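Colleague: just the structure for this:
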Amino acid sequence: MHGWAVGDASTTRNQDRRASPIFDLRFAFTPELSYEINDVDSCYPSMPKGEDPRILVPKRGKKKCSWAQQGEVWGHASISFSTMLEVIDFDLDNCYVITYDGRLLKQARGIPMGSALSPPLAIGTLAWMEQEWMHTLEDDVKARFRMKRYMDDVITITAKDDSVWDVDRFREDFRRSECYWAPLKLEAAESAHFLETTLELDPSGSFRTRLKNVNEECEAVPRVWRYHRWDSFTCAKMKEGIVVGCLLKVVAMASDDEGFTLSVTSKLREFTALGYPSHVLNGAIGRAFARTRDERLLRARLCSQRWEANL
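Modeller: The predicted model follows:
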């Protein structure tokens, strides 16, 4: 994930949904902060079409695309700039679906639904719009907000009103949207969560963050079914790996010990309610500790046996 810069309006480059690093804010001054979260509504079907596809391709000359091939360690092929453009053109112009009654339909608007190229096309197009919009802003304005986007989820953190700018007008212009081109539009999202992170802005201007869990405080009778039961036919190694992954997210997203304790307690209770034995949970905790060296995980080992006995 990109680091913060003055007026940074960048996007993530991978599928890492850990959000806590983006809340490490660095302003040139110490402002009173506020924030809001928005979604780019119907991003794929509403994406403006017909713009020069060169905006979506890196402009640093030829790139090498590498992949693992059977029978050799690594292979690589050079893909020319013109070939990239041809692939994009073909993808945009050849999106067809067959309906249940046998009709063949062509998607005429937006980015193809279901294409493997659609996520990078959407990300690249939104990033280009953001870059163009940033060029229209004065330095004093750029110094008073930070913005991050993951796919179509956008969080904007702003300094409150001062003699230089009107924060309400800035937000209204952004929502309208002066950044993303019609027919794209922004819709307000839940302010307590960004991606998989629960967040809270304290009076000091710092964010407290921890892993979001929709089943918190109702682990035994969950609101949402999320994981396989331990007695399911799914591979045990896969189920153990899911627990390790959840624990790594708990560590990454917790900004303080209180948030860590709440998150790890809820997650371990959730897996215990699904029949995961304590030795499996303790093993997952050990693997997560080996990856992170976070000693708070070792204290969590003592809890799973008690929860297993109580459920």
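Colleague: residues in contact with residue 189?
Modeller: Listed by C-beta atoms under 8 Å, 6 or more residues apart in numbering, the contact set of residue 189 reads 37-39, 153. Every C-beta, even on glycine, is put in place using the N, C-alpha and C of the backbone.
Colleague: residue 220 versus that one, what's the distance?
Modeller: Distance from residue 189 to residue 220, counting by C-beta to C-beta, to the nearest Å: 29 Å.
Colleague: output the contacting helices and strands for the one helix or strand residue 169 maps to.
Modeller: In the assignment (DSSP states H and E), residue 169 maps to helix 167-176. Counting contacts by 3 or more C-beta pairs under 8 Å, 6 or more residues apart in numbering; DSSP states H and E, helix 167-176 is packed against strand 33-40, strand 153-159.
Colleague: contact partners of the helix or strand just after the first one?
Modeller: Right, strand 33-40. Per DSSP H and E, the first helix or strand lying C-terminal to strand 33-40 is helix 43-46. Contact partners of helix 43-46, identified using C-beta under 8 Å, 6+ apart, comprise 107, 109-113, 118, 122, 126, 151-152, 183-185.
Colleague: which of the contacts of residue 189 tops the neighbour count?
Modeller: residue 38 (21 neighbours; other C-beta atoms under 10 Å).
Colleague: can you tell me which residues contact residue 140?
Modeller: By C-beta under 8 Å, 6+ apart, the contact set of residue 140 is 164-165.
Colleague: quick thing: my sequence starts at 13, can you match it?
Modeller: Sure, I'll start numbering at 13, so the last one becomes residue 152.
Colleague: and the nearest residue to residue 242 once chain neighbours are set aside, its phi and psi?
Modeller: Using C-beta to C-beta, 6 or more residues apart in numbering and skipping the chain neighbours, the partner closest in space to residue 242 is residue 287 (3.9 Å). Dihedral angles of residue 287 (phi, psi; degrees, to the nearest 10) stand at phi 90, psi 10.
Colleague: just give the number of residues close to the residue nearest to residue 213 when sequence neighbours are not counted.
Modeller: Nearest residue to residue 213, sequence neighbours excluded (C-beta to C-beta, 6+ apart): residue 219, at 5.7 Å. Residue 219 has 20 neighbouring residues, counting by other C-beta under 10 Å.
Colleague: I'd assumed residue 211 was in contact with residue 219.
Modeller: Yes. Counting by C-beta atoms under 8 Å, residue 219 touches residue 211, with 5.5 Å between them.
Colleague: could you check the angle strand 165-171 makes with the helix holding residue 181?
Modeller: Taking axes from the mean of the first three to the mean of the last three C-alpha atoms, to 10 degrees, one finds helix 179-188 and strand 165-171 inclined to each other by 160 degrees.
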